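S.K.: Next input, structure requested:
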Amino acid sequence: MVEKLLKNSQDELSATQHSLDDAQHRKTHAVANTIKAEVDNHSKKKHLARRMTHYRKLAEDQKHEFLHLRKAIQAYFMYQESVPLRHAMSDQHREGSQDFDNSFLLSELQDMESDTNLLREVTGSHDIQGVVQCFETQRDTSQHLQSLVKEMEVKKVQLLHRMEELTVQRSAAVFHDQAAADGALQRATERRRAHDAAAAGTDWSALAAANRVTQALARMRQLLEYLVTSLSRASLVPAPPRAVSRLETAAYLTEMLQLAAAGVSKLMERLEGQEPDEVLQRAARAKFSLTHSEEKFSTRQPPALVAAPASDDGDTTGDDVQMATRAVMKRQAHLIVQAKLKAGYGRKKW
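M.R.: Next up is the predicted model:
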């Protein structure tokens, strides 16, 4: 009888020890999972913080650039308004009139002129319309970056709510307080849903896509205006239409595309029927000159004309001639037309 009781006690003790070991194993597993979740959340927070810092820096750089462009534009307009006054002062100087001391005013005009040159180097444009378009494009880029920063802020708050939910789940797994954990988890879930509902009113991806479309239209508009202006100077198409507001961008770009297509067609008609050798010789004799904006933005180089070496092996029937391909001939014809345009109109004077 005693042996039977002793055996039952040993069995109960073994079962209790087994349950204890199982509980300890579950606790260790829960703690390990919690630590892993915290490490993952910490790495995500660090990555998100780095991205937010990067976007904030981009936004600050754009802001400083806008301020610099605004000052340069104001200086440019003041410089343009002061041109008649400067001419009047130079006339008085030639007449020998010394009624007032203009040294301070001349120094101010020199500063304005340096600001104007800086504005040309920054924007790459020589007219007011081009400067304004460059400024608007940079403004759209800044708005796009600001929208990305706001989107990252929303994602950061969502991750913080998720981390709070995981913390509550860890507490429930470690301390087995399921009732309190369910209440805390429900409150954290409600806060996250409320934040998601508040953030759902703004479609950040749609705003970023609209900004990219605006930038593409601005670049297309600049390229078409430059092409149509060059064709108009060559008397291939009529003068380009007046620049319109953004509300009429579609009709304006359609009209510019039609003018560019008509000008290219007329240009190809003029080049038909010409001999390849004559085109190559005129291209070799032509001297090209680029404007400041063309030197800055043009990356194409005219192909060099390499003559084949003469045969000197006693054969007097003639030298070998290197034949040009169709692509080279078309390129040389394009360079001839560009040379005629630049020879006729020259550089702009500022």
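
S.K.: Please name every helix or strand in contact with the helix or strand K27 falls within.
M.R.: K27 belongs to helix 2-81 when elements are defined using DSSP states H and E. Applying 3 or more CB pairs under 8 Å, 6 or more residues apart in numbering; DSSP states H and E, we find helix 2-81 packed against helix 103-123, helix 128-175. The way it works is simple: take the backbone N, C-alpha and C, and place the C-beta from them, glycine included.

S.K.: what helices or strands is the longest one leaning on?
M.R.: If I follow you right, that is helix 128-175. In terms of contacts (3+ CB pairs under 8 Å, 6+ apart), helix 128-175 is packed against helix 2-81, helix 103-123, helix 178-199, helix 204-233.

S.K.: Secondary structure class of A239, three-state.
M.R.: Recorded secondary structure, A239: coil (DSSP: H, G, I helix; E, B strand; the rest coil).

S.K.: For it, give me its contacts.
M.R.: S232 (CB atoms under 8 Å, 6 or more residues apart in numbering).

S.K.: if I look at it, how far off is H161?
M.R.: Applying CB to CB, to the nearest Å, the value for A239 to H161 is 61 Å.

S.K.: Same question for V39.
M.R.: For V39 relative to H161 (CB to CB), the value is 18 Å.

S.K.: Between those two, point out the one with more neighbours.
M.R.: Looking at V39 and H161 with other CB atoms under 10 Å, you find the greater number of neighbours at H161, namely 18 against 10.

S.K.: The nearest residue to the more buried one once chain neighbours are set aside: neighbour count?
M.R.: Excluding its sequence neighbours, the residue lying closest to H161 (CB to CB, 6 or more residues apart in numbering) is R192, at 3.8 Å. Counted with other CB under 10 Å, residues neighbouring R192 total 17.

S.K.: How about K63?
M.R.: Counted by other CB under 10 Å, the residues lying close to K63 total 13.

S.K.: That one contacts S142, correct?
M.R.: Yes: using CB atoms under 8 Å, K63 makes contact with S142 at a distance of 6.9 Å.

S.K.: where's L253, which helix or strand?
M.R.: Assigned by DSSP H and E, L253 falls within helix 249-271.

S.K.: mean confidence score for that helix?
M.R.: Per-residue pLDDT values across helix 249-271 average out to 83.

S.K.: Against which helices or strands is that helix packed?
M.R.: Checked by 3+ CB pairs under 8 Å, 6+ apart, helix 249-271 has helix 204-233 packed alongside it.

S.K.: mind checking which helix or strand of this protein has the lowest mean pLDDT?
M.R.: Lowest by mean pLDDT, DSSP states H and E among the helices and strands of the chain is helix 292-297, with a mean of 46.

S.K.: closest to A333 out of the helices and strands packed on helix 128-175?
M.R.: helix 204-233 (14.9 Å; CB to CB).

S.K.: Now do that closest one and helix 249-271, the angle between them.
M.R.: Taking axes from the mean of the first three to the mean of the last three CA atoms, to 10 degrees, one finds helix 204-233 and helix 249-271 inclined to each other by 40 degrees.

S.K.: And helix 204-233, what does it pack against?
M.R.: helix 128-175, helix 249-271, helix 326-345.

S.K.: got the angle for that helix vs helix 128-175?
M.R.: Counting by the same axes, to 10 degrees, helix 204-233 lies at 160 degrees to helix 128-175.

S.K.: For helix 204-233, the averaged confidence score.
M.R.: Rounded mean pLDDT across helix 204-233 is 77.
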